[in-house]
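In: for reference, the sequence and a predicted model appear below.
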Amino acid sequence: AAPGQLSSMEIMSRRKIDPKRFCILGHNISYSVSPQMHNKAFEVCKLPHTYGRADVSTVEEFVNSELWSNPSFAGASVTIPHKQSIMAYLDNITVDAKSIGAVNTIIIGKNGEKFGDNTDWIGIYNPIARRLRSMGNGSCLILGAGGTARAAAYAAIQMGLHPIYYNRTPSKAEELSEHFGGTVIPDLDEVSIKQLIKEHGDIKATISTLPAAASFKFDQWFFNVIPQRMVLLDVNYKPFNTPLILQCMSSSKCNIQIVRGSEMLWEQGVEQFERWMSRRAPYGVMKDIVLENC
C-alpha cells in the first residue's frame, strides 16, 4: 500500500463481520470432532462465527428451535439419523444431494433460502482418487447399506468404478443397486468375488461404512483374489484403527493403501467451510485439529 493507505489485510481486519452461528445436527453426537474442526478454522481465519451441537432425536425439534429461524443461523453439518429427513424442510437441494438422496450440509442463501448439499461423497472421493493409479476399469466393494453407503456408491461411480454391495440385510443393498446401479452379493464368498472381478475388473477400492462395533474382518482368501494394490477406506474415525484397518495393515500379500475416517472427515469439512464462507479453507489447520482429536 502507498504511504498513509491501509493494506488489504488491514482493510479486511477492520471490516465488520456479523457473527454467524453454525452447528452439527444429529443425535448422540457428543463424540463429533466437527465443532473443534470448524471453530478452529473460524479462529485462524479471524472470523467471529461459532459452531455448536444440535443434538435432537427428531428433525422437527430442530426446525422448530430458535436457531432455525434466527437471522444469525448460517449453516449446519448434518449427520445420522437426520441426513434424509431434513430434506423436506429445505428450499433447494443440489444435484449431488438429490442423486445421493441425503444432505450433510445446509447452506443459508443471501435471502434466507436454505440449501441442502452433500460433501460426504467428496470426503470419500478425494482420498481414494489420490491413491488410485488410474480411474475406471475396475470395481469398488462397498460394505454396509446405510446413508454413508449412498455417498460411497456415488463416489465410486464418479471414479468410473462398478459398485459391488455387501450387507448382512441384502434387501437394503438391493435399494442401493436399484438407485445407483451395481451388483449385490448376498454372501461375501470367494466364488462370487472372483466372478465379479472377472466381469467388472479388479477391486481397486473397498469402502467400509460398517460401524466399528461390528468388528468386521475379511476372510483370508480375500487377500489372495484382490490386486496387489487396493485402497481401503473405513469411514469410522473413532477408533483411529478399526479391526478391519489393523487386519489390512498386517497383510503381507497386498499393498493396501489405508484411508481412515479422519481423512474423510476433514476432506468433507473443508468442502463445507468453503461453501459457507465462499473462500479457501485452512486445510492444514482443519486436518491437524481432526488428527489431534481422533
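Out: Structure received.

In: average model confidence for the longest helix seen in the chain?
Out: Secondary structure of the chain per DSSP state H: the longest helix is helix 261-277. Average pLDDT, helix 261-277: 98.

In: that one: which residues count as buried?
Out: Of the residues in helix 261-277, 261-273, 275-277 count as buried by neighbour count, 16 or more other Cβ atoms under 10 Å. The way it works is simple: take the backbone N, C-alpha and C, and place the C-beta from them, glycine included.

In: hey, what's the closest residue to residue 226 other than its chain neighbours bridged with?
Out: With Cβ to Cβ, 6 or more residues apart in numbering as the criterion, residue 226 has its nearest non-adjacent residue at 5.2 Å, and that residue is residue 203. Beta-bridge pairing for residue 203 (DSSP bridges): residue 139.

In: contacts for whatever helix or strand residue 60 lives in, please.
Out: Assigned by DSSP states H and E, residue 60 falls within helix 59-63. Applying Cβ atoms under 8 Å, 6 or more residues apart in numbering, the contact partners of helix 59-63 are 25, 54, 56, 68, 82, 85-86, 89.

In: ok, the residues you listed vs residue 99, which is closest?
Out: The closest of the contacts of helix 59-63 to residue 99 turns out to be residue 86 (Cβ to Cβ; 16.5 Å).

In: let me see the contact set for that closest one.
Out: 25, 59, 62, 78, 103, 106, 116.

In: highest neighbour count among those?
Out: residue 103 (31 neighbours; other Cβ atoms under 10 Å).

In: secondary structure class for that residue?
Out: For residue 103, the secondary-structure state derived from DSSP: H, G, I helix; E, B strand; the rest coil is coil.

In: now it, nearest residue through space, not along the chain?
Out: residue 116 (3.7 Å).

In: look up the residues forming beta bridges with that neighbour.
Out: Counting by DSSP bridges, the residues bridging with residue 116 are residue 93, residue 106.

In: I figured it hits residue 95, correct?
Out: No. Using Cβ atoms under 8 Å, residue 116 is not in contact with residue 95; the gap is 11.1 Å.

In: which stretches of the stretch 151-294 of the chain form helices?
Out: 170-180, 190-200, 222-225, 243-249, 261-277, 283-293 (DSSP state H, counting those that start in this stretch).

In: which residues touch the first one?
Out: By that I understand helix 170-180. 101, 142, 145-146, 149-150, 153-154, 157, 163, 165-167, 182-184, 186.

In: one more pass at 6 Å, please.
Out: 145, 153, 165, 167, 184, 186 (Cβ atoms under 6 Å, 6 or more residues apart in numbering).

In: tally of neighbours for residue 177?
Out: Residue 177: 17 neighbours (other Cβ under 10 Å).

In: cool, the one 5 residues further on as well?
Out: Here the neighbour count serves as a burial measure; for residue 182 (other Cβ under 10 Å) it reads 21.

In: for residue 227, see how far away it is.
Out: Noted for residue 182: a distance of 19 Å to residue 227, by Cβ to Cβ, to the nearest Å.

In: and residue 49, its phi and psi?
Out: phi -80, psi 160 (degrees, to the nearest 10).

In: next, the contact list for it, please.
Out: 19-20, 42.

In: apply 8 Å and report the result again.
Out: Residue 49 neighbours (Cβ under 8 Å, 6+ apart): 19-22, 42, 74.

In: who wins for neighbours among the residues you listed?
Out: Ranked by the number of neighbours (other Cβ under 10 Å), the contacts of residue 49 place residue 22 first, at 26 neighbours.
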